[in-house]
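[1] the following block contains a protein sequence and its predicted model.
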Amino acid sequence: MLLQVLGTAAGGGVPQWNCACPGCSGARAHPARRRRHASLAVRADDDHWYLIDATPDLADQIESTPALHPRPLGRRTPVAGLVLTDAELDHTLGIARLREADRIEVLATAPVRSALCDRARLDDLLTPYTELEWRELGPVPVPLYEGSDVVISAVPVSDKRPRYAANGAGTAGGSGAPRNVDPWVIALRLHDRRTGGTAVYAPALAAWPDAFQEALGGADWVLIDGTFWDDEEPRRSGICPRTATGMGHLPIDGPNGTARRLAPLTARCFYTHLNNTNPLVDPDAPQHRRMAEMGLAVAAEGMEIAL
């Protein structure tokens, strides 16, 4: 199994089109700091790659990754399907960008499929162009495709719905979220039965339920929500009156931060899904040194992880 990081930014990317915060201004002045929306590509074999989340940057992410380019002689693409971690727009808008395909296989939980089809009307939108083939994700590991050695399972971490499906919504949850939370937002556990390698991908983490802690057991690599550095960042930066936790993202730093939970793990741990207000978008920020002392780092776009 091979993982390739396609993007590491939270909603809006870095820079965000309507923002002139220090992170966005720095990325405009230094293009190397630009970050595309968080996404990951998973190779089960050379002819089967799955994209985790379909971001607004999807076409550019594919073009920037030669392994995802179509093969000669027609439209023979190695992109076999999509895996969705939630129903948020930043993780699903790219689905429509794949309408040239004969069919699109989508692995998602039942609530996510319902939101996209019943509320966003995605099936109705795409039926004139292509066929959506849905497969349900759950806690029981299933092969990425029939006969694959790579198996994938969903770990519910939040019952937070996207705004367009907010009627009767659950909450983002806190650090004491119940074990059996509705699977609106999930972490993914990927395991290669041939090599024994295991990775956990959790780009949006509103809580740290027991099931998530169990999923980390035996993991070799962890890519995890790094949206905000500390809990007060959204308020301090003026983007929201709520805290990071209130917005559905555990912060990195602080007494309830994820860094303290990750540091004791034997897995290699990297942060992704960085908001433009996060000081970590600046490679010279002192917070990088603090994380390095704990054995943690920020994922780089384009990095490859062989398992």
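    Alright, I've got the coordinates.

[2] and the closest residue to residue 282 other than its chain neighbours, how many neighbours?
    Nearest residue to residue 282 in three dimensions, chain neighbours excluded: residue 26, at 5.7 Å (CB to CB, 6 or more residues apart in numbering). The C-beta positions use only the backbone N, C-alpha and C, and glycine is treated the same way. For residue 26, the neighbour count with other CB atoms under 10 Å is 19.

[3] show me where pLDDT drops low in the stretch 201-307 of the chain?
    In the prediction, the stretch 201-307 of the chain carries no residues with pLDDT under 70.

[4] do a quick rundown of the helices in the stretch 201-307 of the chain.
    Secondary structure of the stretch 201-307 of the chain by DSSP state H, counting those that start in this stretch: the helices cover 210-216, 233-237, 258-262, 287-293.

[5] need the ones you listed in CSV with distance to residue 84, can you?
    Shown next, in CSV, are the helices of the stretch 201-307 of the chain (distance: least, CB to CB, whole Å):
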stretch, distance to residue 84
helix 210-216, 17
helix 233-237, 25
helix 258-262, 22
helix 287-293, 28
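
[6] turn those into TSV, columns for mean neighbour count and distance to residue 270.
    Putting these into TSV (neighbours: other CB atoms under 10 Å; distance: least, CB to CB, whole Å) gives the following:
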stretch	mean neighbour count	distance to residue 270
helix 210-216	17	14
helix 233-237	18	19
helix 258-262	19	10
helix 287-293	14	10
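
[7] for residue 66, find the nearest of those helices.
    The closest of those to residue 66 is helix 287-293. By CB to CB, the value is 29.1 Å.

[8] nearest the middle, which residue of the chain would you pick?
    residue 203 (3.8 Å; CA atoms, centre = their mean).

[9] for residue 80, see how far away the residue lying closest to that one once chain neighbours are set aside is.
    Leaving aside its chain neighbours, residue 203 sits nearest to residue 273 (4.3 Å; criterion: CB to CB, 6+ apart). Look at residue 273 and residue 80: by CB to CB, to the nearest Å, they are 24 Å apart.

[10] residue 245: how many residues sit nearby?
    The burial count for residue 245: 20, using other CB under 10 Å.

[11] going forward, count from 104.
    Taking 104 as the first residue, the last one we looked at is residue 348.

[12] that one contacts residue 354, doesn't it?
    Yes: if you go by CB atoms under 8 Å, residue 348 and residue 354 touch, sitting 7.0 Å apart.

[13] now list whatever residues contact both of those two.
    Both residue 348 and residue 354 are in contact with residue 334, where contact means CB atoms under 8 Å, 6 or more residues apart in numbering.

[14] now do the same contact list for the closest residue to residue 300 other than its chain neighbours.
    Nearest residue to residue 300, sequence neighbours excluded (CB to CB, 6+ apart): residue 410, at 2.7 Å. With contacts taken as CB under 8 Å, 6+ apart, residue 410 has the following neighbours: 104-106, 293, 295, 298, 300-302, 323-324.

[15] go again using 6 Å as the cut-off
    The neighbours of residue 410, taking CB atoms under 6 Å, 6 or more residues apart in numbering as the test, are 104, 295, 300, 302.

[16] the host helix or strand of the last one pairs with which strands?
    Just to be clear, that refers to residue 302. Using DSSP states H and E, residue 302 sits in strand 301-305. As defined by DSSP bridges, the strand partners of strand 301-305 come to strand 288-295 (antiparallel), strand 324-328 (parallel).

[17] tell me, how many neighbours does residue 352 end up with?
    27.

[18] what are the bridge partners for residue 401, then?
    The partner residues for residue 401, given DSSP bridges, come to residue 374.

[19] please apply the same query to residue 140.
    Assigned bridge partners for residue 140, using DSSP bridges, are residue 112.

[20] list the contacts for residue 267?
    Residue 267 makes contacts with residue 222, as judged by CB under 6 Å, 6+ apart.

[21] doesn't it lie inside a strand?
    No: going by DSSP: H, G, I helix; E, B strand; the rest coil, the assignment for residue 267 is helix, not a strand.

[22] so for residue 376 and residue 183, which residue has more residues nearby?
    The neighbour count for residue 376 versus residue 183, taken as other CB under 10 Å, is higher for residue 376 (30 against 19).
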